[in-house]
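**Q** okay, sequence plus prediction incoming.
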Amino acid sequence: MAAARETDFGFRRVSEDEHAGLVGRVFDSVASRYDLMNDLMSGGLHRLWKAALIERLRPRPGMRLADLAGGTGDVAFRFIDKLNGGGEVVIADRNAAMLEVARDRAIDRCILHGLDLVCADAADLPFPNATFDAATIAFGLRNVTRREEALAEARRILKPGGHFLCLEFSPGVFPILRPLYDAYSFRVLPALGEAVAGDAESYRYLAESIRRFPDQETLAGEMRSVGFGNVTWRGMSAGIVALHSGWRI
């Protein structure tokens, strides 16, 4: 019998079958406080990072976007706001609790058209080939069990000329800031998670998962390996975050 394939869950090695359930429990636990924690963890910087993603995306009327691992809808709602309802976006996320928050936020915003919520794994999307003009994934790729399959799926669902953008925390923080960043990640974040979300362990995992994520050049290489062209990346906030861009040529 072949050995089960393994992947990282934070600093632990687990089977791929186990990984999906472990990540699912993390987001089940934090879904109701996820947006508040994003503001507290980043000091609001996540809003600027997502604004940079939307600026790079350059939404246009009639554009159809797939927001993968789209969670509570931050990127999707920014896209809709930018086009004043003139585009169409699908939020695909495997976690039902996160999609419930996205649904409630959409209702609060009176968004009745142009938004679909689909419970789906980014590595196994239920969409036909060449369906979307653009695909995004923001702070979700490091939680996907099979990263390269998710990248291949993102390319598959894009039309020729379609644009893929990945916004993700990076291990490539400027060396001068690394001691402070590590102290914040492994001491402050779990304490904040416990105080606000009642869950220190989930935020400890999130800090660990960043350290296990590939650096900017490695991720760019993975994108090229599944067929993306014109791959570029831009570091932000002293290397804490990177925005990768690729095209289906």
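**A** Here it is on my side, so go on.

**Q** what is whichever helix in the chain runs longest packed up against?
**A** The residue-count maximum for a helix in the chain (DSSP state H) belongs to helix 16-30. For helix 16-30, the packing partners by 3 or more Cβ pairs under 8 Å, 6 or more residues apart in numbering; DSSP states H and E come out as strand 6-9, helix 96-108, helix 189-197, helix 200-212. C-betas here are computed from N, CA, C, even on glycine.

**Q** out of the ones you listed, which gets the lowest mean score?
**A** Looking at those, the lowest mean pLDDT belongs to strand 6-9 (a mean of 80).

**Q** quick one: which of the helices and strands packed on helix 16-30 is nearest D81?
**A** With Cβ to Cβ as the measure, helix 96-108 is the member of these nearest D81 (12.0 Å).

**Q** counting contacts, what elements does the closest one pack onto?
**A** Counting by 3+ Cβ pairs under 8 Å, 6+ apart, helix 96-108 packs on helix 16-30, helix 34-42, helix 74-83, strand 88-93, strand 115-119.

**Q** shaky segments in this structure?
**A** 1-4 (pLDDT under 70).

**Q** swap the cut-off to 50 and go again
**A** 1-2 (pLDDT under 50).

**Q** max-length strand in it?
**A** Longest strand in the chain by number of residues, with DSSP state E as the criterion: strand 158-169.

**Q** partners of it in the sheet?
**A** Strand 158-169 pairs in its sheet with strand 132-138 (parallel), strand 241-247 (antiparallel), by DSSP bridges.

**Q** angle of the last one against helix 34-42?
**A** Relative orientation of strand 241-247 versus helix 34-42 (axes from the mean of the first three to the mean of the last three Cα atoms, to 10 degrees): 120 degrees.

**Q** kindly report the same for the first one.
**A** An angle of 60 degrees separates the directions of strand 132-138 and helix 34-42 when computed by the same axes, to 10 degrees.

**Q** hmm, back to that, can you list the buried residues in the longest strand of the chain?
**A** With burial defined by 16 or more other Cβ atoms under 10 Å, the residues of strand 158-169 counted as buried are L158, G162, H163, F164, L165, C166, L167, E168, F169.

**Q** next helix or strand past it?
**A** Note on strand 158-169: by DSSP states H and E, the next helix or strand toward the C-terminus is helix 178-183.

**Q** give me the contact list for that next one.
**A** For helix 178-183, the surrounding residues in contact (Cβ atoms under 8 Å, 6 or more residues apart in numbering) are V173, I240.

**Q** ok now it, how far from the chain's centre?
**A** Distance, stretch centre to chain centre, for helix 178-183: 23 Å (Cα atoms, centre = their mean, to the nearest Å).

**Q** do the same with stretch 15-22
**A** How far stretch 15-22 lies from its chain's middle: 18 Å, per Cα atoms, centre = their mean.
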